[in-house]
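Student: Any chance you can model this:
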Amino acid sequence: MNTITIDGFNLTAQQVISVARAPYLKVALADSSRAALKESRDYIESTWMHDEAPMMYSFNTGVGLL
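Tutor: Here you go, the predicted structure:
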């Protein structure tokens, strides 16, 4: 079974199509991407997700789960 690893740099349109057409393909998130996502999330939570944060569209206005 093939695994497509998402690293934030090399995902091709053909890989996206392959996963859509062949759901048995595995998709994995690269460790480096997981670390970058955590760093971004930590920044958002510490900077924008509290009562004293300045107004910022989409962070403070109820877009999605935020």
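
Student: For the residue minimising distance to the centre of the chain, grab phi and psi.
Tutor: The chain has residue 37 as the residue nearest its centroid, 6.1 Å off, counting by CA atoms, centre = their mean. Per-residue torsions, residue 37: phi -60, psi -40 (degrees, to the nearest 10).

Student: My guess is residue 28 contacts residue 7. True?
Tutor: No. Applying CB atoms under 8 Å, one finds residue 28 not in contact with residue 7, separated by 9.6 Å. Where C-beta positions appear, they are placed from N, C-alpha and C, glycine not excepted.

Student: before we move on, back to that, tell me how far the residue nearest to the centre of the chain lies from residue 49.
Tutor: For residue 37, the distance to residue 49 equals 16 Å [CB to CB, to the nearest Å].

Student: just residue 5 next, same as before
Tutor: The gap separating residue 5 from residue 49 is 30 Å, by CB to CB.

Student: Then residue 26?
Tutor: From residue 26 to residue 49 the distance is 33 Å (CB to CB).
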